[in-house]
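Participant: Build me a structure from this.
(one chain, ligands or ions: 1)
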Amino acid sequence: MYESFQALQSAALACQGCKLCQTRHSVVFGAGSQHAKIMFIGEGPGENEDLQGEPFVGRAGQLLDKILTHVGLSRQNDVYITNMVKCRPPKNRDPERDEVEACMPYLRAQIEFIRPKIIVCLGRVAACALIDPNFKVTRQHGEFFDKDGLMMMGTFHPAALLRNPVNKPGALDDFINLRARLDSLQPF
Ligand code: URA
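Facilitator: The predicted structure follows:
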């Protein structure tokens, strides 16, 4: 449907497909490498992301960067990071169903262009939308699911780790296993 990733991004940046367009400062499309084998999907931009136009740049993003560095992955070169919704929900509320639905074609097109080998859902909202509506992060984090040849995993949202640091070791394990999965992929 889009002739290039650039065309997709331009369409998203002009989107008025749901009510979030009325309150956003920026459309936060995504960041990282279009050749990444791992794609991270969060919930939606927060205040800092809305102001800067980049995903995961606030405190939660800094923690995500720290964890990525810990397992030897770089935000710029090794991964692509985006969100279920590209515009900030007011007061950081959860995105509503119609907003997630309106934004889904952009996410699907991003996945089709990037063709990651592994998708990591950061937090409940993404994991419930993409892996299983009944996904329980505390119970199922770190499990890999094969969805038509695409590996998917859900883990703690970094903002949840800031609120609840007791889950940090579990999250770190997930990232260490993720790194091992990445290293075991067949080069082609
Ligand atoms: N939380 C998210 O889910 N996404 C961001 O980009 C920032 C914070």
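
Participant: List the buried residues for stretch 162-169?
Facilitator: N167 (16 or more other CB atoms under 10 Å). All C-beta spots, glycine's among them, are computed from the backbone N, C-alpha and C.

Participant: which residue packs closest to the residue nearest the centre of the chain, ignoring adjacent ones?
Facilitator: For the chain, the residue nearest the mean C-alpha position is I41 (1.2 Å; CA atoms, centre = their mean). The spatially closest residue to I41, leaving aside those adjacent along the chain, is A126, at 4.6 Å (CB to CB, 6 or more residues apart in numbering).

Participant: Let me see the contact set for that neighbour.
Facilitator: A126 is in contact with I41, G42, E43, N83, M84, G154, counting by CB atoms under 8 Å, 6 or more residues apart in numbering.

Participant: Any part of the helix or strand harbouring the first one near the ligand?
Facilitator: Read that as I41. Using DSSP states H and E, the element containing I41 is strand 38-42. Yes: counting by CB under 6 Å from any ligand atom, the ligand is contacted by strand 38-42 at G42.

Participant: just stretch 162-181 next, same as before
Facilitator: No: residues of stretch 162-181 are not located near the ligand by CB under 6 Å from any ligand atom, the shortest gap being 10.5 Å.

Participant: quick revisit: extract the CA atoms of the strand holding I41 and return them as PDB.
Facilitator: Extracted in PDB, the C-alpha atoms of strand 38-42 (Å, rounded to 0.1, in the frame of the first residue of the first chain):
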ATOM      1  CA  ILE A  38      14.300  -7.000  16.800                       C
ATOM      2  CA  MET A  39      11.400  -4.600  17.000                       C
ATOM      3  CA  PHE A  40      10.200  -3.200  20.400                       C
ATOM      4  CA  ILE A  41       6.700  -2.000  20.700                       C
ATOM      5  CA  GLY A  42       5.500   0.100  23.600                       C
END
